[in-house]
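Q: Here you go, sequence then predicted model.
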Amino acid sequence: MEMRVTIRSIHKRSAVILAPLILLDLIFIAPHSTTPSPAGTTPTQQDTSVGAARTNPLSPVGTTALPSRLHHQKPSIIIAPHQAKSVILTSDTPTFKTTSGAQYPLRTYKTTSVNDPYGNQWWTSGTGLGTAWNIGAGTRPTTVAVIDTGFALAHEELANRWATNTGEQGVATTENPSQLNCADRSIALNESCNLIDDDYDGIVDNESGATTTENPSHRNCTDKGMALDKSCNLIDDDNNGYVDDVRGWDFADGDANVQAGETNPNGGGTQHATEVSGVLAATGNNSKGMAGVNWSTKLLPLQAISDNDYGNTLTVGRAIYYAADRGADVISLSLGTGSEDAYTRQAVQYALDKGSIVVAASGNDGCDCMLYPANYPEVFAVGAQNSSNQRSSFSSYGNNLDILAPGEDMITSTWTAANQTSAYVGGAAGTSFATPYVSGLLSLARSHQPDASWGELTNALLSTANHTGLSNNAPFLPQIGSGYARAGSYLTRATTPLQPGMRYMFSTSAASGILGSTRTFDCSPEGGFPTAPLFAISLGSSTFYTIDPLEELNAAGQGATVASLGRACTGLPGDLPATTRVINLSGEINNRIGAKY
């Protein structure tokens, strides 16, 4: 996962930072630093970075000048939604304003980083992934949005995995003129013609000043020698605010090309996304390379960190909004920042309201210092484990950690300027790689359980984990969350109905909760492992119950009194309880559930 404000990947290697944003590489770059990230990586890569329905608060408007990023550019060819109204500097902390007038800090993020030759690795054989592969995907198609660096779009493991936007495909009757950069216009390199939104105001090339990089020219179908088509006509055919976004969007550079190395093939932010995507969804049984967790899902590639390894609140937050609007089932964030980020958190809550689940890396600092957004309770936070079923020494932890997953000594796909289609890397380590493992599992479970809430699916994952070091009376520890992910046990649970003797159904403070607390039950009679935090919410003279942390958060924000009653169990659609009982009396709930856990 990456850091916040300054963004960096979360595997143990180089980091990208936006203020305090982290990928899972722990290198901090001061806001708007003009120092390029380290070029290239070594063969062994360890990431050290680590109520009411919400609406998108941003719309395109002008902004005040932000110091030029030079190496940290953000080119764009349209005015995209979720843009900032203005970007200004307050003391040493950069901030920005939305169209509503709200002001937010600008954080920097960093990454965290079968018959296939590398198909049998410890993290596949040692976690029951073979069992999950044998079960396979269900009938419901799924999409996982990967928000990260640029991607190796033509890699042999990933070329057929990308999600596409049908609204930007098909025969067109018109096109806009091509947009040429400085070089193709025979003009000296300058912010006024580099096709980059250097000041993050949502408008390209309304700036002026020295720069060191530019985006490639945006050429229309005719100038590319192609038949007229919506995919290349430089028109926003589906009216979503993004031009020709057939295959995701580059929020770091502001265009539709998410290809790694587009602006700097030697930059430190060119490999991370391809590596985490390989763990998540590398094509299996193709006699090439390795196999990912779920090779049936589609990946929505969203670049929030530039080739120079820079990302921030705006690039990450806007990518989350976009992923939610595109209907992503899972949003996978192997990046983070070290400080709270209100704007990105609003984007996360928007995504949850739209039906996505957000999975993020805990960070690679090895302390009680989780990165954000993983450190928000509504985000599913993932730390790393080694092959000995122990927390990795670098894996950050805390009270909001949910689970550990494989994050050391992994072989996965990668990108290099010299080999963009079949490169692999060994020894990859970091919470960046544990995160896509879990995102892949959740998407597999969703394909079998289309009617389950995300709360039910995540709690099924937690309840089937290896609980070494835990017990029913102490089902959680900040260092390991609810245990160590087990793919085989989880997919077996997702496809095998339980038959509990008694299920206790709880009222919630909303008509429906995203964590589906209506299937919550008392663990004891079935011998289940309690993983779902149960809250009592008091509003006036009424008390309601929920296992939904976002619902609990919203209620607290509205002045409700919230009490924790411990942890309970949750079921899945298809379970066959012998008896169902609805509990409304707080006294009985406190006696039955709170006292037990």
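A: Thanks, I have the structure now.
Q: Now Thr108. Its backbone dihedrals?
A: When read as degrees, to the nearest 10, the backbone of Thr108 gives phi -100, psi 140.
Q: nope, Trp133 is what I meant
A: phi -60, psi -40.
Q: For Gln499, the count of nearby residues, please.
A: For Gln499, the count of nearby residues is 9 (other CB atoms under 10 Å). Yep, even glycine has a C-beta here, placed from its N, CA and C like the rest.
Q: So it is in contact with Gly574, correct?
A: No - look at Gln499 against Gly574 with CB atoms under 8 Å: they stay out of range, at 10.4 Å.
Q: so where is the stretch 401-550 of the chain shaky, pLDDT-wise?
A: 504-518 (pLDDT under 70).
Q: tell me the domain ranges of the chain?
A: Recorded structural domains for the chain (assignment: automatic domain parsing) are 1-35+77-163+247-496, 502-594.
Q: To Cys232, which of those domains lies closest?
A: Among the domains of the chain, the nearest to Cys232 by CB to CB is domain 1-35+77-163+247-496 (9.6 Å).
Q: just how off-centre is that closest one within its chain?
A: Domain 1-35+77-163+247-496 sits 4 Å away from the centroid of its parent chain (CA atoms, centre = their mean, to the nearest Å).
Q: Which strand in this protein has the most residues?
A: Longest among the strand segments of the chain by residue count, using DSSP state E, is strand 561-570.
Q: Counting neighbours, which bits of that one end up buried?
A: Buried residues in strand 561-570, defined by neighbour count with 16 or more other CB atoms under 10 Å: 565-570.
Q: Keeping just the C-alphas, turn that strand into CSV.
A: The C-alpha trace of strand 561-570 is given here as CSV (Å, rounded to 0.1, in the frame of the first residue of the first chain):
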residue,chain,number,x,y,z
THR,A,561,-24.2,7.4,21.1
VAL,A,562,-22.3,4.3,19.9
ALA,A,563,-21.3,1.4,22.1
SER,A,564,-19.3,-1.6,21.0
LEU,A,565,-20.8,-5.0,22.0
GLY,A,566,-17.9,-7.2,20.9
ARG,A,567,-17.9,-9.4,17.8
ALA,A,568,-20.5,-11.7,16.3
CYS,A,569,-20.8,-14.0,13.2
THR,A,570,-22.4,-13.4,9.9
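Q: wouldn't Gly481 be in contact with Ala405 here?
A: No - Gly481 is beyond contact range of Ala405, at 10.0 Å (criterion: CB under 8 Å).
Q: got any residues that touch both of these two?
A: Gly383 (CB atoms under 8 Å, 6 or more residues apart in numbering).
Q: Pairing partners for the longest strand of the chain, with directions?
A: In the sheet, strand 561-570 lines up against strand 520-521 (antiparallel), strand 532-539 (antiparallel) (DSSP bridges).
Q: nearest to Trp122, of the ones you listed?
A: Judging the strands paired with strand 561-570 by CB to CB, what sits closest to Trp122 is strand 532-539, at 30.2 Å.
Q: on that earlier part again, single out the most deeply packed of the domains of the chain.
A: Of the domains of the chain, the one with the most neighbours on average (mean count of other CB atoms under 10 Å) is domain 1-35+77-163+247-496, at a mean of 26.
Q: Thr431 - nearest residue in space that isn't next to it in sequence?
A: Ala361 (3.8 Å; CB to CB, 6 or more residues apart in numbering).
Q: follow-up on the earlier one: to Asn215, which of the domains of the chain lies closest?
A: domain 1-35+77-163+247-496 (5.6 Å).
Q: next structured bit after the longest helix belonging to the chain?
A: The longest helix of the chain (DSSP state H) is helix 431-448. Reading on from helix 431-448 to the C-terminus, the next helix or strand found by DSSP states H and E is helix 454-463.
Q: Next up, the contacts around Gln449.
A: Gln449 touches 138, 456-457, 494, 572-574, counting by CB under 8 Å, 6+ apart.
Q: which one of those residues sits closest to Tyr109?
A: Leu457 (26.4 Å).
Q: which residues does the closest one contact?
A: Here Leu457 is in contact with 357, 442, 445-446, 449, 494, 572 (CB under 8 Å, 6+ apart).
Q: And it, how close does it get to Ala532?
A: 12 Å (CB to CB, to the nearest Å).
Q: next one: Ala417
A: Noted for Ala417: a distance of 47 Å to Ala532, by CB to CB.
Q: next one: Asp548
A: 9 Å.
Q: likewise Val146?
A: Using CB to CB, Val146 is found at 27 Å from Ala532.
Q: now swap in Arg519 and tell me
A: Arg519 is 10 Å from Ala532, by CB to CB.
Q: overlap in contacts of these two?
A: Thr570.
Q: What mean pLDDT does stretch 576-595 get?
A: Mean pLDDT, stretch 576-595: 58.
Q: got it, and stretch 332-352?
A: Averaged across stretch 332-352, pLDDT comes to 96.
Q: Keeping just the C-alphas, turn it into CSV.
A: What follows is stretch 332-352, C-alpha atoms only, in CSV (Å, rounded to 0.1, in the frame of the first residue of the first chain):
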residue,chain,number,x,y,z
SER,A,332,-7.5,-2.2,-4.7
LEU,A,333,-5.1,0.3,-3.3
SER,A,334,-1.5,-0.9,-2.8
LEU,A,335,-0.6,2.6,-1.7
GLY,A,336,-1.2,5.1,1.1
THR,A,337,-0.2,8.2,3.0
GLY,A,338,1.0,8.8,6.5
SER,A,339,-1.6,11.4,7.4
GLU,A,340,-5.4,11.5,7.5
ASP,A,341,-6.8,12.6,4.1
ALA,A,342,-10.4,13.9,4.4
TYR,A,343,-10.9,14.3,0.6
THR,A,344,-9.8,10.7,-0.2
ARG,A,345,-11.9,9.4,2.7
GLN,A,346,-14.9,11.1,1.2
ALA,A,347,-14.1,9.3,-2.1
VAL,A,348,-13.9,6.0,-0.2
GLN,A,349,-17.3,6.6,1.4
TYR,A,350,-18.7,7.5,-2.0
ALA,A,351,-17.4,4.3,-3.4
LEU,A,352,-18.9,2.3,-0.5
